[in-house]
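In: fold the following.
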Amino acid sequence: MIIKHITKILLLSVLLFFSGCGSLIKQPAPVISYYQLDYTPEISTNASVNKTILIKSFYISETFNRDSIMYSSEKYKCNFYPYKQWISAPQTQMTESFRSDFIKSGAFKGVIIPGQLQTPDLLLSSALTEIQENIKGKKSFGTVKINVTLSKPAFKTIPQKIIF
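Out: Numbers count the residues shown, from 1 in each chain. Below is the predicted model of the structure:
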């Protein structure tokens, strides 16, 4: 009698297990799409400045510097796409794009990146204050807001490394 009940319970368990897993097998895995920032800068090679420039890494709020792409369909309301992601962090993409474009332009004697042992003549600091998709009805458009500051560096020489 006990064996009969155990057999029924096992049979029912196996039947429930396969019916539950059967629906999972039919569902396709979601496709994750990856995006990168792309723009065409207007590079003018006519004017050249005989100075070096240090391009610092972009400052970006952690709200925007994430894998998922942010979108907004209403004012003051934001969300993130679960299956649309940046190929790399927006901070990295913007910093590398700026450095590459400044090098290609030839507008400066040299483009210095942080960590190089050269004293720059100018300093470029940038902040990415917004990067998202805005949806208005059936139309959508991207928004990128950047603040850029060009200044002279506060230091005259690069401090020497002291190793103890």
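
In: show me the helices in the chain, by range?
Out: 2-26, 90-105 (DSSP state H).

In: looking at the ones you listed, which has the lowest confidence?
Out: Across these, helix 2-26 has the smallest mean pLDDT, namely a mean of 66.

In: buried residues, stretch 59-68. List them.
Out: I60, F64, N65 (16 or more other C-beta atoms under 10 Å). Every residue, glycine included, has its C-beta placed from N, CA and C.

In: tell me how far the last one lies from K109.
Out: Taking C-beta to C-beta, to the nearest Å as the criterion, N65 is separated from K109 by 31 Å.

In: same check, this time on the second one
Out: With distances defined as C-beta to C-beta, the gap from F64 to K109 amounts to 33 Å.

In: only the buried residues of the strand ranked longest in the chain, if you could.
Out: Ranked by number of residues, the top strand in the chain under DSSP state E is strand 122-136. By neighbour count on 16+ other C-beta under 10 Å, the buried set for strand 122-136 is L122, L123, L124, S126, L128, I131, Q132, E133, N134.

In: repeat for stretch 47-57
Out: T52, I53, L54, I55, S57.

In: out of those, who's nearest R99?
Out: I55 (5.1 Å; C-beta to C-beta).

In: surely the closest one and E96 touch.
Out: No. The pair I55 and E96 fails to qualify as a contact (C-beta atoms under 8 Å) at a distance of 9.8 Å.

In: what are the buried residues along stretch 84-104?
Out: Quick answer for stretch 84-104 (16+ other C-beta under 10 Å): 84-86, 90-91, 93-99, 101-102.

In: of all the residues you listed, which comes closest to E42?
Out: Of all the buried residues of stretch 84-104, D101 has the smallest distance to E42: 9.7 Å, by C-beta to C-beta.

In: what's the pLDDT at the nearest residue to the closest one once chain neighbours are set aside?
Out: In this structure, D101 finds its nearest non-sequential neighbour in P41, 4.8 Å apart by C-beta to C-beta, 6 or more residues apart in numbering. Per-residue confidence (pLDDT) for P41: 75.
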